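Peer 1: Give me the fold of what follows.
(chains A and B)
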Amino acid sequence: TQLLEQSPQFLSIQEGENLTVYCNSSSVFSSLQWYRQEPGEGPVLLVTVVTGGEVKKLKRLTFQFGDARKDSSLHITAAQPGDTGLYLCAGSYQGAQKLVFGQGTRLTINP
Amino acid sequence: NAGVMQNPRHLVRRRGQEARLRCSPMKGHSHVYWYRQLPEEGLKFMVYLQKENIIDESGMPKERFSAEFPKEGPSILRIQQVVRGDSAAYFCASSLDRGRAYEQYFGPGTRLTVT
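Peer 2: Now for the predicted structure:
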C-alpha cells in the first residue's frame, strides 16, 4: 500500500510569517500534485511536479519535488489570512492513474 | 461553466434506499475518477472510468457500489441499500487523456447523508 504522510497536520501562525508543509513517501512518485480545499468544496489543483528536483513558484507559494521523487514541500512566504485552508498533496505512481492523497494540512493564518 | 459538474450537491437518503450521484467531466476530458472523503479523513480513490469502460475499480467496495460512464451523458456512481457508514463527500474528477491522467480536476462534490 502506498502512503503519503503530510506534516504538520495542523498549523496556526500569524499573518506575515513563513511556513513549510511536507509530504513524504517511501515510494517513488511519477508525479505529485498539491491541492487546496475549502470547506464544502472540491480540491482545487495548485501545481503538478513531475521531475526530480523540480521547483515551481505560484506567487508566494513555492513547491519543490525531491531529487528522488519521494517527497515534496510547499513553502508559503509572508502568509496572509486568505491562505487559510486545507492543503493536500497527492501522488500518482508509475502505471496507475489513480491519485493517492495525504491526510492534509489544515492551515490557519491569524490576522 | 467549463468545470467538472456534480449533482446533487447534497443528498439525504434513509437506510436501505438507493443513492445516485452524477458527474459531468470538464469539456474535452474523457477520463473520470470517483473519490470518497469520509469525515476527518483524506480522499480515497474508488474507481476510474473512460467512456463505456471501467479501467480500475480497485477502490470500490465489493457490494452495493457500482459506477458507469455511458457513451452519452454523465458518469453515475450508484450506491444501493445505503447504510450510515456511506455518509461521506463523494468527489468526481476528470483528466484530459491518459498521458496527463495525473492532472485531475475535481468537482464540488456530493455530500451524502444517510439517516
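Peer 1: now the end-to-end length of stretch A:94-111.
Peer 2: 42 Å (Cα to Cα, to the nearest Å).
Peer 1: how near is the residue nearest the centre of chain B to residue B:70?
Peer 2: By Cα atoms, centre = their mean, chain B has its centre lying nearest to residue B:34, at 3.5 Å. As judged by Cβ to Cβ, to the nearest Å, residue B:34 and residue B:70 stand 15 Å apart. From N, CA and C alone the C-beta is placed, and that goes for glycine too.
Peer 1: Then residue A:79?
Peer 2: Distance, residue A:79 to residue B:70, by Cβ to Cβ: 45 Å.
Peer 1: So between these two, which is more surrounded?
Peer 2: Per other Cβ atoms under 10 Å in any protein chain shown, whichever of residue A:79 and residue B:70 has more neighbours is residue A:79, with 22 against 11.
Peer 1: The closest residue to the more buried one other than its chain neighbours: how many residues sit nearby?
Peer 2: Nearest residue to residue A:79 in three dimensions, chain neighbours excluded: residue A:109, at 4.6 Å (Cβ to Cβ, 6 or more residues apart in numbering or on different chains). Other residues within reach of residue A:109, judged by other Cβ under 10 Å, total 20.
Peer 1: Would you mark the buried spots in the strand or helix carrying residue A:109?
Peer 2: In this structure, residue A:109 sits in strand A:105-110 according to DSSP states H and E. Neighbour counts using 16 or more other Cβ atoms under 10 Å in any protein chain shown place A:105, A:107, A:109 of strand A:105-110 among the buried residues.
Peer 1: and stretch B:100-109, how far apart are its ends?
Peer 2: 22 Å.
Peer 1: average pLDDT for it?
Peer 2: Mean pLDDT, computed over stretch B:100-109, is 88.
Peer 1: Please compute how far that stretch lies from its chain's middle.
Peer 2: 11 Å (Cα atoms, centre = their mean, to the nearest Å).
Peer 1: Give me the contacts around that stretch.
Peer 2: A:30-31, A:33, A:35, A:40-45, A:48, A:50, A:92, A:97, A:99, B:3-6, B:9, B:23, B:26, B:29, B:31, B:33, B:35, B:37, B:89-96 (Cβ atoms under 8 Å, 6 or more residues apart in numbering or on different chains).
Peer 1: nearest spatial neighbour of residue A:62, skipping sequence neighbours?
Peer 2: Closest residue to residue A:62 apart from its sequence neighbours, by Cβ to Cβ, 6+ apart: residue A:75 at 4.5 Å.
Peer 1: meant to ask about residue B:78, not that
Peer 2: Closest to residue B:78 by Cβ to Cβ, 6+ apart is residue B:66, at 4.9 Å.
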